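[1] Take a look and give me a structure for this.
(one chain, ligands or ions: 1)
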Amino acid sequence: MSDRKYLNIEYKNILVSEIENGNGLSVGLIRLNRPKAMNALNVPTMEEVVTTFENFDNDREIGCIVITGNDKAFAAGADIKEMAEETTIGMLLKDQFARWDRIRKIKKPIIAAVSGYALGGGCELTMTCDMIIAAESATFGQPEINLAVMPGAGGTQRLTKAIGKARAMEIILTGRMVSAQEMYEAGLLTKVVHNEIYLEEAIALAKDIASKPAIAVQLAKESILNSMDTTIETGLELERKNFYMLFATEDKFEGMNAFIEKRKADWKHK
Ligand code: CAA
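    Model (predicted):
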């Protein structure tokens, strides 16, 4: 039985909840909750977010994770007020973006549900997630150039990999705001939906994924992410090993036999 105390704790900068899913494992939901600061991602907020991702990941009753903000802002970036007086040595010692690497280790899928602004570190946080569902009025961008800095939490890498050098270069070097539709057409987003239903859609997608056999979901996510960082040979090798590994799960036998017997599979997630 997982330790589920984290679900009942009060957080300073986020709201954490579990959404039950009649059809499978639950969905873990994080809402960024600094509305007066447009959900700017200061260090305490990021610490709460990353620790909660880890708690969801360790919780066997959670199958998929959603992170959202409010209708006005997913997050308007790293906290400029926190960084305004910071120096190079201060940044190095604090190594504030190191905690972002912990997000890459999360094994369960994470969906960003975006409305309003997803700028700078906010845009980077959406790109650290596995899928992005956006409201049609959502605005993305990497405006750091206007502060005489540049993306520091993965933007130059993930945006470029997602939408290509030519478009990433123009977006990062001008710092302009980019509409959800443009980002969708460029390939950054999973889906753009009407403003009223962005969170509902993200949760529906998360519930669907959480109803699938969890080990297969986890290894498929790992294999897809691996494709971004490696050669085709290494990627195919990991894919094959993960595929073979799934033949060690009870769910594999259940899934294939349920198909043959024309009945619904009863997943054990093991
Ligand atoms: N950090 C700290 N505070 C922020 C913030 C941020 N990134 N973004 C907004 N806020 C604060 C504002 O200072 C303001 O606070 P006060 O009421 O105390 O003045 C409050 O949120 C509301 O913001 P605005 O009055 O500016 O609201 P608006 O509707 O006029 O504009 C906005 C909204 C276009 C998002 C504008 O706030 C803005 O441009 N924000 C900054 C965006 C930005 O530059 N992000 C990049 C940050 S650097 C970074 O992220 C580095 C990295 O790679 C990790």
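
[2] going forward, measure contacts between C-alpha atoms and count neighbours the same way
    Will do.

[3] ranges for the strands of the stretch 151-270 of the chain?
    With DSSP state E, counting those that start in this stretch, the ranges of strands along the stretch 151-270 of the chain come out as 178-179, 191-193.

[4] which helices and strands sit right next to the longest one?
    Using 3 or more Cα pairs under 8 Å, 6 or more residues apart in numbering; DSSP states H and E as the contact criterion, the elements in contact with strand 191-193 are strand 131-135, helix 180-186.

[5] hang on, isn't Gly69 packed against Ala40?
    No - shown here, Gly69 and Ala40 do not form a contact pair, counting by Cα atoms under 8 Å, at 10.3 Å.

[6] residues shared between the contacts of those two?
    Overlap between the contact sets of Gly69 and Ala40, as judged by Cα atoms under 8 Å, 6 or more residues apart in numbering, is given by Ala75.

[7] pLDDT weak spots in the stretch 1-150 of the chain?
    Across the stretch 1-150 of the chain, the ranges flagged by pLDDT under 70 are 1-2.

[8] for the ligand, what are the nearby residues on it?
    Contact residues, the stretch 1-150 of the chain versus the ligand (Cα under 6 Å from any ligand atom): 36-38, 40, 76-81, 117, 119-121, 143-144.

[9] Most tightly packed of the helices and strands packed on strand 191-193?
    Mean neighbour counts were taken over the helices and strands packed on strand 191-193 using mean count of other Cα atoms under 10 Å, and the top value, a mean of 26, falls to strand 131-135.

[10] got a list of contacts for it?
    In this structure, residues lying in contact with strand 131-135 by Cα under 8 Å, 6+ apart are 110-116, 126, 180, 188-199, 201-202.

[11] Then stretch 201-217?
    Contacts made with stretch 201-217 from outside it, assessed by Cα under 8 Å, 6+ apart, are listed as 21, 23-27, 62-66, 108-109, 111-113, 133, 193, 246, 249, 251, 267-270.

[12] Now with 7 Å, please.
    By Cα atoms under 7 Å, 6 or more residues apart in numbering, the list of residues contacting stretch 201-217 from outside reads 21, 23-27, 63-66, 111, 113, 133, 246, 251, 267, 269-270.

[13] Now the buried members of those residues.
    Taking 16 or more other Cα atoms under 10 Å as the criterion, what is buried in these is 21, 24-27, 63-66, 111, 113, 133, 246, 251, 267, 269.

[14] are any of the contacts of strand 131-135 buried, and which?
    Neighbour-count burial within those applies to 110-116, 126, 180, 188-193, 195, 197-199, 201-202; the criterion is 16+ other Cα under 10 Å.

[15] Sweet, I'm off.
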